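> Build me a model from this:
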Amino acid sequence: MSQIAEVFDDRVEVAGPWSHRRVSANGAQFHVAELGDGPLVLLLHGFPEFWWAWRHQLPRLAEAGWRAVAMDLRGYGGSDKPPRGYDPATFAADITGVIQSIGERSAVLVGHGWGAFGAWTAATFRPAHVRGVAALSMPHPVTLRRHLMRGHVIHAGGLLGAQTPWVPERRMMANEAAVVEDLLRSWASPGSGFPDEEASARYRAAMRIWPAPHCALEYQRWAVRSLFRSDGRRFAKRMEASIDVPVLQIHGGQDRNFSSALAKSSKRRVSGPHQWVQLEGVGHFPHEEAPELTSDILVEWLTRFR
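As a prediction, this is how the structure comes out:
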């Protein structure tokens, strides 16, 4: 099932000022787009996007003196799509494995949605490789877990609908992945202009690279199915350790998946410097709906790592 076929290049390797390559890490191959020189910032996209979600931030971070690298997560875009490996421990190892495979020891992680879930996890599981975490639109995993265990699965970004076998995959592939555009539009702030025609086309095309829909949903399935399993309890116990690196949280005031109050309460999981930024009039995709403002916030926050 693992695949990185050249026929998919035109869907994944979008032309721009960045360069594309594939790297080996944690037993898989990952597609990355990179731009700039300097300390590493690793950008981790969320669902249902791929690395291109960071097209606005890559040039801005590079101009500010950073080596900006956006990776396709396992199961997405041009990265391998194996049948397993969508648990948080593997996710964290994927992230830090990519850091080392591109010749760095550590990085500042910037993640959105499930990419932020992985960034939070990597900071706890593999702290030697994480200098800081910027989490967009995703609470800390322990905060999220407790929220879900209180019965809020139905309100958490489509998690409940992802739990049935194969039906969600078929729905995501139907009508040339039209549901991807529907999700982007329904989770963004009304009137934001996101997604535009190009964004809709690119995200729909990338999700049609089978078995991307199945792989993308596996992250969400683990989050729910592990709530009452021993692996989920072990994960939660390990994640109780506080994060002592600098953390930035950026959250849309109109995020329909996770409330600002829920996301902001993640601060209690951080013992290092913590900064909270709420963007009014923005939904679940700050980096897409307000790209210039989000980039400004990131660049300013990153000065602490110089």
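> And the residue nearest to L40 when sequence neighbours are not counted, what's its pLDDT?
Distance criterion CB to CB, 6 or more residues apart in numbering; nearest residue to L40, sequence neighbours excluded, is A107 at 4.0 Å. C-beta: built from backbone N, CA, C; applies to glycine. At A107, the predicted lDDT confidence score is 98.
> before we move on, what about G281?
For G281, pLDDT reads 96.
> cool, and E288?
98.
> and the gap between the residue nearest the centre of the chain and L279?
Against the mean C-alpha coordinate of the chain, by CA atoms, centre = their mean, the closest residue is G115 at 1.9 Å. Plainly put, G115 is 18 Å away from L279 if you go by CB to CB, to the nearest Å.
> same check, this time on D231
For D231 relative to L279 (CB to CB), the value is 35 Å.
> Could you do N26 as well?
Distance, N26 to L279, by CB to CB: 33 Å.
> Same check on S266?
In terms of CB to CB, S266 sits 17 Å off from L279.
> Neighbour count: these two, which is higher?
S266 (24 against 21; other CB atoms under 10 Å).
> What does the nearest residue to E34 once chain neighbours are set aside show for phi and psi?
Distances taken as CB to CB, 6+ apart place V69 nearest to E34, at 4.3 Å, with adjacent residues excluded. The phi/psi pair for V69 (degrees, to the nearest 10) reads phi -130, psi 120.
> residues near V69, how many?
26.
> Could you verify my assumption that it touches H31?
No. Counting by CB atoms under 8 Å, V69 does not reach H31; the two are 10.8 Å apart.
> Contacts only, for H251.
136-137, 258, 260, 263-264, 276-279, 286 (CB atoms under 8 Å, 6 or more residues apart in numbering).
> Please enumerate the helices of the stretch 1-150 of the chain.
Assigned by DSSP state H, counting those that start in this stretch, the helices in the stretch 1-150 of the chain fall at 9-12, 57-63, 88-101, 114-125, 141-147.
> so how far is the third one from its chain's centroid?
Averaging C-alpha coordinates over helix 88-101 and over its chain gives two centres that are 13 Å apart (CA atoms, centre = their mean, to the nearest Å).
> same thing with the first one?
Put simply, helix 9-12 sits 20 Å off its chain's centre (CA atoms, centre = their mean).
> hey, C-alpha coordinates of that helix in CSV?
Output in CSV follows, covering the C-alpha atoms of helix 9-12 (Å, rounded to 0.1, in the frame of the first residue of the first chain):
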residue,chain,number,x,y,z
ASP,A,9,4.0,14.9,-8.8
ASP,A,10,1.8,17.4,-10.5
ARG,A,11,-0.7,17.1,-7.6
VAL,A,12,1.9,17.3,-4.8
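> In terms of secondary structure, what does that helix contact?
Under the contact criterion of 3 or more CB pairs under 8 Å, 6 or more residues apart in numbering; DSSP states H and E, helix 9-12 touches helix 197-207.
> List the buried residues of the helix it packs on.
199-200, 202-207 (16 or more other CB atoms under 10 Å).
> Pick out whichever of these sits closest to A93.
Closest approach between these and A93, by CB to CB: A206, at 23.5 Å.
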